[in-house]
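Novice: sequence and predicted model, in that order:
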Amino acid sequence: MTISEIREQYLKFFADHDHAILPSASLVPENDPTTLFTGSGMQPMVSYLLGEPHPRGVRISDSQKCFRSGDIDEVGDNRHTTFFEMLGNWSLGDYFKQEQISWMFEFLTNRLGLDPQNLYVTVFRGNTELNIPKDEESAALWQSLFASKNIEARIGEDSEKNGMGPGERIFYYGEKKNWWSRMGVPSNMAVGEPGGPDTEMFWDFGANRQLHETSVWKEEPCHVNCDCGRFVEIGNNVFMQYVKKENGFQELSQRNVDFGGGLERIAAAVNGDPDVFRMDVFAPAIQTLLVMSGKQYETHTHAFRVILDHLRAATFLIGDGVNPSNKDQGYFVRRLIRRAVRFAHQLNISENVCAKIGATFIDVYADAYPSLSAAREQVVIELEKEEKKFQQTLKQGMKKFVELLNQEGEKKISGVDAFDLVQSYGFPIELTQELAQENGFVIDIETFKAEKEKHQALSRAGSEQKFKGGLADTSEMSVKYHTATHLLHQALRQVLGDMVVQKGSNITPERLRFDFPYPERLTEDQLKQVEGLVNEAILKKLPVHFEMLTLDEAKARGAIGLFTDKYAEVGDKVKVYFVGDEAMEDVFSKEVCGGPHVSNTSELGKFQIQKEESIGSGLRRIKAILS
Ligand code: SER
């Protein structure tokens, strides 16, 4: 089965079970200062899991684009990718364990035809200190489902120590494995963060493949979570029913289900091949690499995988408006492209490769992600541009490198110089090492590592600073900035015209940031007018309320921000926020939005634009504060 077929089957299955099907949200989260990228399907759902009513109801399903920057260095094995699609379904205070577990079993075995003999599951062992009980209900549900297929599924209590006993198929694990929150284990969670125990499903790619022989864990007994590659996690049912409080966990007002499953991993199981890079979506890119390099995937697997993963991720990220740069999200796009180019060099590819590979992905995903297809030109241009820039950087780096070789004295490159090559010239250390070796030089790798760590510690401190606060303790200020963003959006349209639409928004408790298309720098006068309009709306003490409207109604009432990628079907209801009083014919802004917002603009204080700048590609950015 192809990736597309499985995606369709899944969404159809959940549509048949009364779920509203949503298109994927952007890879760049809106109004979420806690994270740079959408890294799981539930991320755009957080406010709804916490109790905000969802405009599409209590049963939601989608296939969400995800990017996990932390996995860049993991790429190279058969199952890690930085970009992936996560199939998701949610119960927002509606169904719970019974339905979720039965549906999953039915979907995997009956719809996709997976043999239940190769299916294994894990459940939460419970934690008395946290007062979270052992999930015996889920274990019993799984047991009866396996029994319906004449499989006696025994329960393993301690498989990470003892390995898997005969007939064992359901395993208890602690919070490291069977607890899910965006921040991981309970002790890492910030106050206000939702989380819960989960039950995960694993596919057995077969003991006879001997994959585990090559594992670093081979000294230890194999079990489903041991990472040896025999078992691959294909889905995670989270019972999102708790919220972290100052003094432990509290039940949320509603019991939610949050399911997420890696589409490619499920496809790998269906196709009986543990290598996700052999799924159909990669085939045209592999073919292109083969033609360009004359090398085979089978003999140059690692380099192929890195190039395939990184350029697909970069393609999707640029498609969502993230261009390569030295900052924030853009930095990761730059890193992905540069790393891909370097691995292309390893394959002796000397022509430009990025745009060619990117184009294969745009074609493959055109139907599922029309917005990627619409951004084709932009993606191709940015990939080209960044690759050229990097070639240039490599040239300069080479010059510097040759200077180092010509230095008098022992044939050694200092760690500081090697790190400078990374920092100032984007010259990867592996490359420096290779070149040094070719020239009979050695690198002082210990000092290099120390330099790198020093730098990482600095940037970590920087990003902690940047993301400080998180959701919970900052919500009040963030909500104010959220409403101020609506006012700014409307004010800009009044002053500059209807071409102003939100292209990006980012809110922290300290400021708002708003990106929109406009061809030139805003004049002092325009900025004053915009600021004036927002402050006027604040001084008028306008009430804020929302109504649930169909898309047609929302359009007819003049609402802006109909982000079509987010709301799939005409006829479905969306939430529209009104700032002002319609009865008094004094409505300042009408915008489709999930919320939350303040209830009156008088809560906002004084609005002040701090900065207006270009961020390239005809986009402007405004930063503003409330005081
Ligand atoms: N949030 C869970 C995960 O990302 C399930 O959707 O694994």
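Specialist: Structure's in. What do you need?
Novice: please make it C-alpha for all contacts and neighbour counts, starting now.
Specialist: OK.
Novice: contact residues of the stretch 151-300 of the chain facing the ligand?
Specialist: Counting by C-alpha under 6 Å from any ligand atom, the residues of the stretch 151-300 of the chain close to the ligand are 236-238, 258-260.
Novice: how does it look with 5 Å?
Specialist: Applying C-alpha under 5 Å from any ligand atom, we find that the stretch 151-300 of the chain lies next to the ligand at 258-260.
Novice: same check, this time on the chain
Specialist: 40, 258-260.
Novice: and with 8 Å instead?
Specialist: 39-43, 86-89, 180-182, 235-238, 258-261 (C-alpha under 8 Å from any ligand atom).
Novice: what bits of the stretch 301-450 of the chain have low per-residue confidence?
Specialist: Low-confidence segments of the stretch 301-450 of the chain (pLDDT under 70): 408.
Novice: ranges for the strands of it?
Specialist: In the stretch 301-450 of the chain, the strands defined using DSSP state E, counting those that start in this stretch lie at 412-413, 442-443.
Novice: please name the nearest non-neighbouring residue to the one residue in the chain that gets nearest to the ligand.
Specialist: Distance from the ligand to each residue of the chain (C-alpha to the nearest ligand atom) is smallest for residue 260, at 3.2 Å. Spatial nearest neighbour of residue 260, excluding adjacent residues (C-alpha to C-alpha, 6 or more residues apart in numbering): residue 88 at 4.6 Å.
Novice: just say helix, strand or coil for that neighbour.
Specialist: Assigned with DSSP: H, G, I helix; E, B strand; the rest coil, residue 88 falls in the strand class.
Novice: okay, it: pLDDT?
Specialist: As predicted, residue 88 sits at a pLDDT of 98.
Novice: now do residue 34
Specialist: 68.
Novice: next one: residue 70
Specialist: With respect to pLDDT, residue 70 has a value of 81.
Novice: can you pull the contacts of residue 248?
Specialist: residue 130 (C-alpha atoms under 8 Å, 6 or more residues apart in numbering).
Novice: so which residues of the stretch 201-350 of the chain form helices?
Specialist: Here the stretch 201-350 of the chain has its helices, by DSSP state H, counting those that start in this stretch, at 263-270, 283-293, 301-319, 328-346.
Novice: residues in contact with the residue of the chain closest to the ligand?
Specialist: Contacts of residue 260 (C-alpha under 8 Å, 6+ apart): 40-42, 86-89, 235-237.
Novice: what does residue 75 give?
Specialist: Neighbouring residues of residue 75 by C-alpha under 8 Å, 6+ apart: 81-82, 305-306, 309.
Novice: now with 6 Å?
Specialist: residue 81 (C-alpha atoms under 6 Å, 6 or more residues apart in numbering).
Novice: check residue 241 too.
Specialist: 196, 251-252, 255-256.
Novice: before we move on, what about residue 625?
Specialist: Residues in contact with residue 625 (C-alpha under 6 Å, 6+ apart) are 511, 607-608.
Novice: closest one of these to residue 226?
Specialist: residue 511 (43.9 Å; C-alpha to C-alpha).
Novice: would you agree the residue nearest to residue 260 is in contact with residue 61?
Specialist: Yes: using C-alpha atoms under 6 Å, residue 88 is in contact with residue 61, at 5.4 Å.
Novice: please pull out the lowest mean pLDDT helix or strand from the chain.
Specialist: Among the helices and strands of the chain, helix 445-466 carries the lowest confidence by mean pLDDT, DSSP states H and E, at a mean of 67.
Novice: just give me the longest helix of this structure.
Specialist: helix 376-406 (DSSP state H).
Novice: and residue 617, how many neighbours?
Specialist: 13 (other C-alpha atoms under 10 Å).
Novice: got it, and residue 381?
Specialist: Using other C-alpha under 10 Å, residue 381 has 12 other residues around it.
Novice: of the contacts of residue 625, which belong to strands?
Specialist: Among the contacts of residue 625, the residues falling in strands (DSSP state E) are 511, 607-608.
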